[in-house]
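Novice: Build me a model:
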Amino acid sequence: MAIRILAILLLLTFAGCDNSADNRKGSDTHIIILPLGNVDENYLKEAYDNIQQISGQAELHAAVDMPDMAFYAPRNRYRADSLIRWMSHQAKPNEIYVGVTMQDISTTKGEYADFGVMGLGYCPGRACVVSSYRLKNKKNFYKVVIHELGHNMGLQHCADSTCFMRDAKGGDPTGEEKAFCKSCAAYLQKKGWKI
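Specialist: Next up is the predicted model:
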């Protein structure tokens with residue numbers, strides 16, 4: 001039964017991927033910051049300011065309640081993949097939704113059916129979600145936002161330990177991340193980002 005549920009979750013996850021987003025240009029992409037539940041204004045301002053600086057196309061949406069369908073009662077948290085799927089259905093072809101929450105979020109990762117994460121974004125994709133819940137240094141919140149947006153724009157994880165696109169591997173490496181590495185920055189500049 002558990003294997004069947006895991007298989008269904010994986011199918012739903014892959015069904016949410018939108019490969020047409022890979023050709024999107026950053027300067028043509030409207031990025032909508034969507035507060036999910038009560039979110040500290042400082043996080044929203046930080047996300048907005050950083051996104052506006054790199055893309056010039058940021059919009060702060062009014063807060064909405066966390067959708068009940070994403071709640072995972074056994075662990076008292078929200079499924080990031082369900083939140084992304086929900087936001088992706090609202091996004092127009094030239095939009096990316098960035099869900100921002102202070103709630104705990106999770107996804108399926110390897111052998112873990114419900115693995116807690118700081119953020120999740122499909123590569124490429126039309127939505128991502130970030131959470132302050134697991135972040136050690138709240139001043140680094142924007143790094144998680146930029147990382148997940150990087151995935152939405154088509155970037156994979158990077159081996160450079162100081163790059164924003166580094167894999168967190170279950171930890172919080174944001175204190176070591178300084179900027180996009182040259183390779184990741186060049187990719188995003190081709191997409192229209194101002195880095």
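Novice: Every contact and neighbour count from this point should use C-alpha atoms.
Specialist: OK.
Novice: residues in contact with Ile32?
Specialist: Ile32 is in contact with Ala58, Glu59, Leu60, His61, Glu95, Ile96, Tyr97, Val98, counting by Cα atoms under 8 Å, 6 or more residues apart in numbering.
Novice: Could you find the closest non-adjacent residue to the third one?
Specialist: Spelled out, that is Leu60. Ile33 (4.9 Å; Cα to Cα, 6 or more residues apart in numbering).
Novice: ok, now the fourth one?
Specialist: Nearest residue to His61 in three dimensions, chain neighbours excluded: Leu34, at 5.2 Å (Cα to Cα, 6+ apart).
Novice: Please verify my assumption that that neighbour contacts Val98.
Specialist: Yes - between Leu34 and Val98 there is a contact at 5.8 Å, judged by Cα atoms under 8 Å.
Novice: just to revisit the earlier point, now the residue nearest to His61: which helix or strand?
Specialist: strand 30-35 (DSSP states H and E).
Novice: and that strand, what's its mean pLDDT?
Specialist: Rounded to a whole number, the mean pLDDT of strand 30-35 is 97.
Novice: Can you give the strand pairings for it, parallel or anti for each?
Specialist: In the sheet containing strand 30-35, the strands it pairs with under DSSP bridges are strand 58-60 (parallel), strand 95-101 (parallel).
Novice: ok so, going back, which one of Leu34 and Val98 is surrounded by more residues?
Specialist: More neighbours surround Val98 than the other of Leu34 and Val98, with 30 against 21 (other Cα atoms under 10 Å).
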